Each structure stands twice: as structure tokens, then as C-alpha cells.
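Peer 1: from the sequence below, what's the structure:
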Amino acid sequence: MAEDAKVAFSDGTRYAAFSAAGFLVVGLLASLSLGGAAGGGARREPEPAEHDDTTRQEQTT
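Peer 2: Numbering: from 1, shown residues only. Alright, predicted model coming up:
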């Protein structure tokens with residue numbers, strides 16, 4: 001009976017490791033599909049923030 005428990009635990013560990021590896025592969029493929037500048041995907045430059053002088057309080061000392 002103890003031998004059966006060891007085998008069952010080993011099988012469960014093996015299946016968990018394969019499942020984790022599968023999720024890592026899926027995540028890697030999803031990351032690669034996002035693209036980037038080197039991958040040919042369109043990368044948009046961020047727009048510069050507008051400067052608003054009305055919110056700044058000038059100190060006169």
C-alpha cells in the first residue's frame with residue numbers, strides 16, 4: 001500500500017510539472033504574439049504631456 005502511495009504521488013508531481021510547463025509555453029507564445037518594434041509590430045511613441053502654468057503657484061520671495 002505504501003508503494004502505491006509513492007507511485008501516485010510521483011505521478012501527481014509529474015502531471016503538475018507538465019501542466020506548469022504547458023502554461024509557461026502558452027505564456028511565452030502569448031508574449032511573443034504581442035509583437036514589438038523588433039518583431040514588426042507597430043510601436044506608438046508616447047505623446048508629450050501638456051504644460052499647464054495655471055496649476056503652478058509662483059513664489060515671489
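Peer 1: which strand or helix spans Ser19?
Peer 2: helix 2-34 (DSSP states H and E).
Peer 1: confidence score at Thr54?
Peer 2: Here the pLDDT value assigned to Thr54 is 61.
Peer 1: circling back: and the helix holding Ser19, what's buried?
Peer 2: Using 16 or more other CB atoms under 10 Å as the test for burial, helix 2-34 gives no buried residues. Heads up, the C-betas are built off the backbone N, CA and C, glycines and all.
Peer 1: what is the mean pLDDT for it?
Peer 2: 95.
Peer 1: which elements pack onto it?
Peer 2: Where contact means 3 or more CB pairs under 8 Å, 6 or more residues apart in numbering; DSSP states H and E, helix 2-34 is not packed against any helix or strand.
Peer 1: number of nearby residues for Ala49?
Peer 2: 6 (other CB atoms under 10 Å).
Peer 1: what about it, is that helix, strand or coil?
Peer 2: Following DSSP: H, G, I helix; E, B strand; the rest coil, we place Ala49 in the coil state.
Peer 1: okay, it: pLDDT?
Peer 2: 76.
Peer 1: so Glu45, which state does it fall into?
Peer 2: Per three-state DSSP, Glu45 ends up coil.
Peer 1: from Ser31, how far off is it?
Peer 2: Here Glu45 is placed at a distance of 22 Å from Ser31 (CB to CB, to the nearest Å).
Peer 1: Ala2 too?
Peer 2: Applying CB to CB to Ala2 and Ser31 gives a distance of 43 Å.
Peer 1: what does Lys6 give?
Peer 2: Computed as CB to CB, the Lys6 to Ser31 distance reads 38 Å.
Peer 1: tell me the contacts of Lys6?
Peer 2: With contact set as CB atoms under 8 Å, 6 or more residues apart in numbering, Lys6 has no partners.
Peer 1: next one: Tyr15
Peer 2: By CB under 8 Å, 6+ apart, no residues touch Tyr15.
Peer 1: that one and Glu45, how far apart?
Peer 2: Taking CB to CB, one finds Tyr15 at 46 Å from Glu45.
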